[in-house]
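Chemist: got a predicted model here, sequence first, then my questions.
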Amino acid sequence: MEDLVNKFYTAFKNLQAEEMVSCYHPEVTFHDPAFGTLKGERAKNMWRMLIQSQKGKEFLVDYKIIRVDSNSGKVHWEAQYFFSKTGRKVHNRIKAEIIFKDGLIHQHIDEFHLHHWAAMALGWKGRLFGWTSFFKKKLQKNTNRLLSNFEENN
């Protein structure tokens, strides 16, 4: 399973969306603070959208596998990029928990400190409101709307 995890994150570093999503089980569940829970093709499309939005830009990913066995894995990864809405530099540190099924990633949970991300991405507004449930709900609504638009147009 370590090879699969390396394949996923190497593809991420190289902005290869189809290589990434080939690591996902057809019934995959993905969860993170920005999107909430996404399942199946919608989870795969989230990566496709992200990769498409970062092509040709300063986008860096680095990762370290903490633990992998035949059932699950834990990865720490970091992304550095400029947030498109504000142009502000973001350096997000993420902890990923992965569960495997049928030789593929079946569950993928990314955890990061949303308040820290909001402060980097949005500046003073993120520092002021990024810790609230209102902010989290609004962010998830906006990101899911962007994902729906992406799915409609691709």
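Modeler: Sure, I can see it.
Chemist: what is the lowest-mean-pLDDT helix or strand in the chain packed up against?
Modeler: Taking mean pLDDT, DSSP states H and E as the measure, the helices and strands of the chain show their lowest mean at helix 124-129, namely a mean of 93. Contacts of helix 124-129 with other secondary structure elements, assessed using 3 or more C-beta pairs under 8 Å, 6 or more residues apart in numbering; DSSP states H and E, are made with helix 114-122. C-beta here means a position set from N, CA and C on the backbone, and glycine is covered the same way.
Chemist: helices or strands up against the strand or helix carrying Asn142?
Modeler: Using DSSP states H and E, the secondary-structure element containing Asn142 is helix 133-153. Helix 133-153 is packed against strand 36-39, helix 41-54, helix 114-122, with contacts defined by 3+ C-beta pairs under 8 Å, 6+ apart.
Chemist: and it, what's buried?
Modeler: For helix 133-153, burial by neighbour count (16 or more other C-beta atoms under 10 Å) applies to Phe135, Lys136, Leu139, Gln140, Thr143, Asn144, Leu147, Phe150.
Chemist: what mean pLDDT does that helix get?
Modeler: Mean pLDDT, helix 133-153: 96.
Chemist: still on that earlier bit, most tightly packed of the helices and strands packed on helix 133-153?
Modeler: Most buried of the helices and strands packed on helix 133-153, by mean neighbour count (mean count of other C-beta atoms under 10 Å): helix 114-122, with a mean of 20.
Chemist: how big is the angle separating it from helix 133-153?
Modeler: 60 degrees (axes from the mean of the first three to the mean of the last three C-alpha atoms, to 10 degrees).
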